[in-house]
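# pasting the sequence and the predicted model now:
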Amino acid sequence: MSDLQTLRFYATPPHDCSYLSGRKAKTLFVDPQAEVTAALYSQLSDLGFRRSGSHIYRPHCDQCNACVSVRVPVRAFRPSKTQRRIWRRNDDLRVEQVAPQLTIEYYRLYERYISERHADGDMYPPSPSQFMSFLVEGRQPSCFYEFRDGDDRLVAVAVTDQIEQGLSALYTFYDPNEERRSLGTYAILRQIDEVRRNGLDYLYLGYWVRDCRKMRYKTAYRPLDMLIADQWMRV
């Protein structure tokens, strides 16, 4: 069994940055053969690591610190007027926690979301094997939160890791035609509420990158903790 002192890490060669065009990036990966317990994974989350399928990683660039880990301290969080309005707008949705899995229903929604919202990204084109390796595979406690309307139609899925200090929001995909609902925002608000109801402390949102337009939404949740020079600071 590994701990922080014995865990081995591997750095990738430079590769194209996923967030800033024209930049090169490096990534630090936890040894994929290591036995990472739930407790160790929780510690790694506090050090800025994230999970993608069976891979646990964090940015490790030589001369760039643009990727900043962020988390919402749920006990201090107060929703804005816009966020309260989005919450009320989605009062009709039913949310259920289920085990991660690949189904035809999930994949069709995921495929539409990637094709219509992220056709310019490195996740396009989607595939069932990509869905499995990205959202289902992995040895950490995880779940899907299903969002369904009154007709039992699936409109969103939030993929979430369960850690000792709260939840880690990995990915959300949703019906691109439901813009009025602001489902991405609502999914985060529901996960914040889930952390609070369980008496825990934080919802981890991954990386915020100041100059990446797609990451700017994360600063809408206040207060927000940022991992700066390996210290969490509240802004």
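Cool, got the structure. Residues are numbered from 1 along each chain as shown.
# which stretches of this protein have low pLDDT?
Applying pLDDT under 70 to the chain flags residues 1.
# now do the strands in it.
In the chain, the segments counted as strands under DSSP state E are 9-11, 15-16, 24-25, 27-30, 50-52, 55-59, 67-73, 94-98, 142-148, 154-163, 166-174, 202-209, 225-228, 231-234.
# other SSEs contacting the third one?
In this case it means strand 24-25. strand 15-16 (3 or more C-beta pairs under 8 Å, 6 or more residues apart in numbering; DSSP states H and E). Using the backbone N, CA and C atoms, a C-beta is placed for each residue, glycine as well.
# what pairs with the strand it packs on, parallel or antiparallel?
Under the criterion DSSP bridges, strand 15-16 sits next to strand 24-25 (antiparallel) in its sheet.
# what's in contact with the strand it pairs with?
Residues lying outside strand 24-25 but in contact with it, judged by C-beta atoms under 8 Å, 6 or more residues apart in numbering, are Pro14, His15, Asp16, Cys17, Ser18, Tyr19, Pro59, Cys61, Cys64.
# list the contacts for the last one?
With contact set as C-beta under 8 Å, 6+ apart, Cys64 has these partners: Arg23, Ala25.
# now do the contacts for the closest residue to Ser2 other than its chain neighbours.
Computed as C-beta to C-beta, 6 or more residues apart in numbering, the closest residue to Ser2 that is not its neighbour in sequence is Ala34, at 4.4 Å. Taking C-beta under 8 Å, 6+ apart as the criterion, Ala34 is in contact with Ser2, Leu7, Arg8.
# which residue is nearest the middle of this protein?
Centre of the chain computed as the mean C-alpha position; nearest residue by C-alpha atoms, centre = their mean is Leu170, 2.3 Å away.
# check the gap between that one and Trp232 for me.
Counting by C-beta to C-beta, to the nearest Å, the separation of Leu170 from Trp232 is 20 Å.
# can you check Met123 too?
Remark: distance between Met123 and Trp232 (C-beta to C-beta) = 29 Å.
# rewinding a little: columns distance to Met215 on top of the strands of the chain, output as CSV?
Conversion of the strands of the chain to CSV gives the following (distance: least, C-beta to C-beta, whole Å):
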stretch, distance to Met215
strand 9-11, 23
strand 15-16, 17
strand 24-25, 14
strand 27-30, 17
strand 50-52, 13
strand 55-59, 13
strand 67-73, 9
strand 94-98, 25
strand 142-148, 21
strand 154-163, 17
strand 166-174, 13
strand 202-209, 5
strand 225-228, 12
strand 231-234, 18
